[in-house]
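Peer 1: what would the 3D arrangement of this be:
(one chain, ligands or ions: 2)
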Amino acid sequence: MARLGRLVKTTTFRLAVLYTAVFAGSVGALFVFVFINTSVFAEQQTEAAIEAEVKGFQDTFRREGVGGLVSAINRRIDPNTRTDGIYLLINPNQQRLAGNLTAWPDDVEADDLWINFSIVDLQAAEPGLADVRGLQFLIPGGYRLMVGRDIREARAFRAQLLRSLNIGLGITIALGVVGGLLFSRSIMGRVEDITQTCRRIMRGDLSQRIDSTGQSDELSRLSDSVNEMLDQIEHLMSGLREVSDNVAHDLRTPLNRLRVRLEIAANNATDEKEKEEIEEAIADADGLLATFASLLRIARAEASLRRSFGPLQLGSIIEDVVDLYQPLAEEKGVEFGSNIDFSVTGWGDSNLVAQALANLTDNAVKYTPEGGNVSISLKAENGSAVLEITDSGPGIPASHRDKVFERLYRLDDSRSTPGSGLGLSLVRAVARSHGLSVTLSDNAPGLAVSVVFPPPPGPAGGAVTKSP
Ligand SMILES: Nc1ncnc2c1ncn2[C@@H]1O[C@H](COP(=O)(O)OP(=O)(O)OP(=O)(O)O)[C@@H](O)[C@H]1O
Ligand SMILES: [Mg+2]
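Peer 2: Ligands and ions are numbered 1, 2, ... in the order given. Next up, the predicted model:
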């Protein structure tokens, strides 16, 4: 039903309906023309026959007078030579002299000499009312003659014609609408294909291409152009990645060299104060190197291609992350527990997903004070893998839950804690390229982060959301 609703809204369907309306209009006009001509022609034929007969009677009257008319009428209505004519000759006293009508009709609608009336037909197989069209002939001396024809058949023919034309018109409209529906459905299917492919591309899978239908119409040409454009973009992006890899390498090497030199200088320093300052410079260089590495990682995550994606054993990825942070938590006096359903799987790049999870865990352990607790859980919910990391730290106020995903954004209270404000930016980049939904909420006290994976290899949209 919803599909039909969508179909009706398409441009193609509206066009088809418009064409059908125009076509039905023309066919209707043609039918009206045919109808008027046919029925008018039949009427004219009848009238011409009546007029010819009246003319004959006029001649008879001129030659033989009323007596001649009476015998002429009697000849006409003789059962052996009977025609379908209706005749009545009356004298000035309205008495019948000849004819097959008992009396002059009284329910007459007359226009000039032509009259229309109904009679009860007793000779018909099924006696009933017969419609008659008649012509009167006013004879000098007060006599009147009426010649008519039963027009039941002509009326029936007219009704039959009208019915046929209506059915024809109905079929025309039905064919137009059905044709329009089929036509729009086929066009809509192809447009839908293109839309779906574009959506998958926007979610990060640049390797997707629109299927070729092998036709050479506008839609196929559009698809081909889009595909060529995508080839071009993919080419440019891989070039860009290469450049940033080179820049990263070129900058990191001198930075590392600088750091080594500073270390040597620190070792050689004799003055304590001087040594302290050099060590601070080394810490700054470390921070720079770390920030640099994070920025590169985010850039890579943002440009990650679905080609490198595969099934993920989320349980073992989490286990590795837990192993990595367990010692740190112990050292800080933070209780660290996990509850993992190892049957749950995901879809993506295992390195990137592991980095994102490590960053979330890093935050939880880092911002939770001594005596607090951190826990990670993994379960399946409605066919999706759901990962939750909760801590008992200070949490993030609702008004900041969007902003913390921005690059270099840190809460004021965290400034004393080491970090560069890039951890959650990487999480966001991975979420976008993997179609994960990441939600921050209040753990009262602390922060609860929930990460929902799309069903593998699901084409769901990546989103970072905050709960109210
Ligand atoms: N579990 C948490 N509890 C409290 N605040 C948090 C938590 N996780 C993140 N934040 C806040 O969000 C900010 C951004 O986090 P993000 O991980 O991006 O950066 P960072 O941890 O400061 O630095 P980095 O991760 O680059 O070392 C943090 O500075 C902190 O203020
Ligand atoms: Mg962090």
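Peer 1: state the pLDDT value of the residue of the stretch 101-250 of the chain found nearest ligand 1.
Peer 2: Here the residue of the stretch 101-250 of the chain nearest ligand 1 is residue 248; by CB to the nearest ligand atom that distance is 17.1 Å. Backbone N, C-alpha and C define where each C-beta goes, glycine included. pLDDT for residue 248: 71.
Peer 1: which one is it nearest to, not counting chain neighbours?
Peer 2: Nearest-residue entry for residue 248: residue 296, 5.0 Å, with adjacent residues in sequence omitted and distances by CB to CB, 6 or more residues apart in numbering.
Peer 1: is it true that that neighbour touches residue 246?
Peer 2: No: using CB atoms under 8 Å, residue 296 makes no contact with residue 246, being 11.4 Å away.
Peer 1: out of those two, which sits in the busier spot?
Peer 2: Higher neighbour count among residue 296 and residue 246: residue 296, with 17 against 10, using other CB atoms under 10 Å.
Peer 1: for ligand 2, see how far away the more buried one is.
Peer 2: From residue 296 across to ligand 2, the span is 16 Å (CB to the ion, to the nearest Å).
Peer 1: secondary structure element for that residue?
Peer 2: In this assignment (DSSP states H and E), residue 296 forms part of helix 272-302.
Peer 1: starting at the chain centroid, how far to the helix or strand just after that helix?
Peer 2: Later in the chain than helix 272-302, the nearest helix or strand by DSSP H and E is strand 310-313. Relative to its chain's centre, strand 310-313 lies at 33 Å (CA atoms, centre = their mean, to the nearest Å).
Peer 1: packing partners of strand 310-313?
Peer 2: With contacts taken as 3 or more CB pairs under 8 Å, 6 or more residues apart in numbering; DSSP states H and E, strand 310-313 sits against strand 345-348, helix 350-367.
Peer 1: angle of the last one against helix 272-302?
Peer 2: Translated: helix 350-367. Using axes from the mean of the first three to the mean of the last three CA atoms, to 10 degrees, the interaxial angle of helix 350-367 with respect to helix 272-302 works out to 140 degrees.
Peer 1: pull out the buried residues from helix 350-367.
Peer 2: Buried positions in helix 350-367, judged by neighbour count with 16 or more other CB atoms under 10 Å: 350, 352-367.
Peer 1: so who does residue 86 touch?
Peer 2: The neighbours of residue 86, taking CB atoms under 8 Å, 6 or more residues apart in numbering as the test, are 99, 100, 101, 119, 132, 134, 146, 147, 148, 149, 150.
Peer 1: those residues in strands, which ones?
Peer 2: 99, 119, 132, 134, 146, 147, 148, 149, 150 (DSSP state E).
Peer 1: most surrounded residue in the residues you listed?
Peer 2: For the ones in strands among the contacts of residue 86, the largest neighbour count, defined by other CB under 10 Å, is 29 neighbours, found at residue 148.
Peer 1: quick check: closest non-adjacent residue to it.
Peer 2: residue 134 (3.0 Å).
Peer 1: so that neighbour is in contact with residue 49, correct?
Peer 2: No: judged on CB under 8 Å, residue 134 makes no contact with residue 49 at a distance of 11.9 Å.
Peer 1: what do those two both touch?
Peer 2: Common neighbours of residue 134 and residue 49, counting by CB under 8 Å, 6+ apart, are residue 149.
Peer 1: quick one on the thing from earlier: now the ones in strands among the contacts of residue 86 in CSV, with pLDDT and distance to ligand 2?
Peer 2: As requested, those are exported to CSV (pLDDT from 0 to 100; distance: CB to the ion, whole Å):
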residue, pLDDT, distance to ligand 2
99, 88, 115
119, 79, 105
132, 86, 103
134, 89, 106
146, 91, 111
147, 92, 111
148, 90, 106
149, 88, 104
150, 84, 102
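Peer 1: on that earlier part again, so which strand or helix has the residue of the stretch 101-250 of the chain closest to ligand 1?
Peer 2: Secondary structure (DSSP H and E) places residue 248 in helix 218-268.
Peer 1: same check, this time on residue 449
Peer 2: Of the helices and strands defined by DSSP H and E, residue 449 is found in strand 447-452.
Peer 1: extract the CA atoms of that strand and return them as PDB.
Peer 2: Taking Å, rounded to 0.1, in the frame of the first residue of the first chain, the C-alpha atoms of strand 447-452 are listed here in PDB:
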ATOM      1  CA  LEU A 447      28.900   8.200  31.700                       C
ATOM      2  CA  ALA A 448      27.200   5.400  29.700                       C
ATOM      3  CA  VAL A 449      28.200   5.000  26.100                       C
ATOM      4  CA  SER A 450      26.200   2.700  23.900                       C
ATOM      5  CA  VAL A 451      27.400   1.600  20.500                       C
ATOM      6  CA  VAL A 452      24.900  -0.200  18.200                       C
END
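Peer 1: ok, back up a step: of the buried residues of helix 350-367, list those near ligand 2.
Peer 2: residue 363 (CB under 5 Å from the ion).
Peer 1: ok so, going back, angle of the helix holding residue 296 against helix 218-268?
Peer 2: Calculated by the same axes, to 10 degrees, helix 272-302 forms an angle of 170 degrees with helix 218-268.
Peer 1: pLDDT of helix 272-302, averaged?
Peer 2: When pLDDT is averaged along helix 272-302, the result is 86.
Peer 1: enumerate the positions of stretch 88-108 that are buried.
Peer 2: 88, 89, 90, 97, 98, 99, 100, 101, 104, 105.
Peer 1: what does that stretch contact?
Peer 2: Residues outside stretch 88-108 that contact it (CB under 8 Å, 6+ apart): 66, 69-70, 73-74, 77, 86-87, 115-119, 132, 141-146.
Peer 1: which residues of the protein score low on pLDDT?
Peer 2: Residues of the chain that meet the criterion pLDDT under 70 lie in 1-3, 81-83, 107-111, 121-127, 204, 304-307, 456-468.
Peer 1: around ligand 1, pick out the residues from it.
Peer 2: Contact residues (CB under 6 Å from any ligand atom) of the chain with ligand 1: 294, 359, 363-364, 367, 391, 393-396, 404, 409-411, 414, 419-425, 447.
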